[in-house]
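*Asks:* here's a sequence, model it:
(one chain, ligands or ions: 1)
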Amino acid sequence: MLASDLSCMAAEAQKVVAGGADYLHLDVMDGHFVPNITWGAPVIKHLRKHCPGVFFDCHMMVSNPEQWVEEIKDAGGDQYTFHLESTKDPAALIKQILASGMKVGIALRPGTPVKDVLPWVDLVDMVLIMTVEPGFGGQKFKADMMPKVTLLREKYPEKDIGVDGGLGPSTIEAAADAGANMIVAGSSVFKSPAPAQVIATLRRAVERLGNGKKEEELTPLPPA
Ligand code: ZN
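*Replies:* Presented below is the predicted three-dimensional model:
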């Protein structure tokens, strides 16, 4: 949603959901973990009223992520994606998020080695590889982050692996080939005159390869 017209966020959200988006990615920035401020739980709570039933992935670019788990849950968050770099105790935070009833995502800044997240992957629902430096929309896609995605996909064939930053029709093939299945797209969708077409292009690239699908989802079993 970062790339949307924030003065009419609800209408912008409804537009992309109607255009085929599977979920909304909400970038919460606190002006401390990243040098920018966006919105917090109160805005998400209002947006929730306009988007019943839509999956909200809350990307918490904040220091002290432990502080906001309950607020984000109350506001209608479905997944709480925190930065590995933002906490001293990922295990406790994962436990806290699961206890709240939300799914858990872990995000990695471009400078964080992928090996740092490996101890936590089994405990979370999604790993989010940042393909730009977090804090601003509209940046150029870092293709050199793709080996992180490839390594995770090899180790975890069925895990949700997300990419965030600079994704659009010109970069989706690289991300899909590496194995990503959750595509966060901002400018490429919201600045397009035909967002539904862009979403369809992104979806085709990922589904063509079956990224993140279980084996039985790929080969339908014969009827019993
Ligand atoms: Zn994000």
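
*Asks:* three-state assignment of the residue of the chain found nearest the ion?
*Replies:* Residue of the chain nearest the ion, by CB to the ion: His59 (3.6 Å). In this view, the C-beta of every residue, glycine as well, is placed from N, C-alpha and C. Following DSSP: H, G, I helix; E, B strand; the rest coil, we place His59 in the strand state.

*Asks:* beta partners for it?
*Replies:* Judged by DSSP bridges, the bridge partners of His59 are Asp27, Thr81.

*Asks:* next, count neighbours for it.
*Replies:* Other residues near His59 come to 25 when the count uses other CB atoms under 10 Å.

*Asks:* unless I'm mixing things up, it is touching Asp30, no?
*Replies:* No. His59 lies out of contact with Asp30 (CB atoms under 8 Å); the separation is 11.9 Å.

*Asks:* separation between Val124 and Tyr156?
*Replies:* Between Val124 and Tyr156 the distance is 10 Å, computed by CB to CB, to the nearest Å.

*Asks:* who touches Ala3 in this structure?
*Replies:* Residues in contact with Ala3 (CB atoms under 8 Å, 6 or more residues apart in numbering) are Gly137, Gly138, Gly186, Ser187, Val189, Phe190, Lys191.

*Asks:* equivalent analysis for Val62, please.
*Replies:* Residues in contact with Val62 (CB under 8 Å, 6+ apart) are Val28, Met29, Asp30, His32, Phe33, Trp68, Ser86.

*Asks:* run the last query once more with 6 Å
*Replies:* Val62 is in contact with Asp30, Phe33, counting by CB atoms under 6 Å, 6 or more residues apart in numbering.

*Asks:* in three-state terms, label Val163 for me.
*Replies:* Following three-state DSSP, we place Val163 in the strand state.

*Asks:* before we move on, back to that, in terms of packing, which of Val124 and Tyr156 has more residues around it?
*Replies:* Under the criterion of other CB under 10 Å, the comparison of Val124 against Tyr156 puts Val124 first, with 23 against 16.

*Asks:* which residues touch the top helix by length along the chain?
*Replies:* Secondary structure of the chain per DSSP state H: the longest helix is helix 195-209. Residues outside helix 195-209 that contact it (CB under 6 Å, 6+ apart): 16, 19-21, 169, 172-173, 176, 181, 183, 188-189, 192.

*Asks:* rerun that using 7 Å as the cut-off
*Replies:* Around helix 195-209, the neighbours that count as contacts under CB atoms under 7 Å, 6 or more residues apart in numbering are 15-16, 19-21, 168-169, 172-173, 176, 180-181, 183, 185, 188-189, 192.

*Asks:* buried residues in that helix?
*Replies:* Judged by neighbour count using 16 or more other CB atoms under 10 Å, the buried positions of helix 195-209 are Pro195, Val198, Ile199, Thr201, Leu202, Arg203, Ala205, Val206, Leu209.

*Asks:* per-residue confidence at the first one?
*Replies:* The one in question is Pro195. Predicted confidence (pLDDT) at Pro195: the value is 96.

*Asks:* any idea how far it is from Val17?
*Replies:* Taken as CB to CB, the spacing of Pro195 relative to Val17 amounts to 10 Å.
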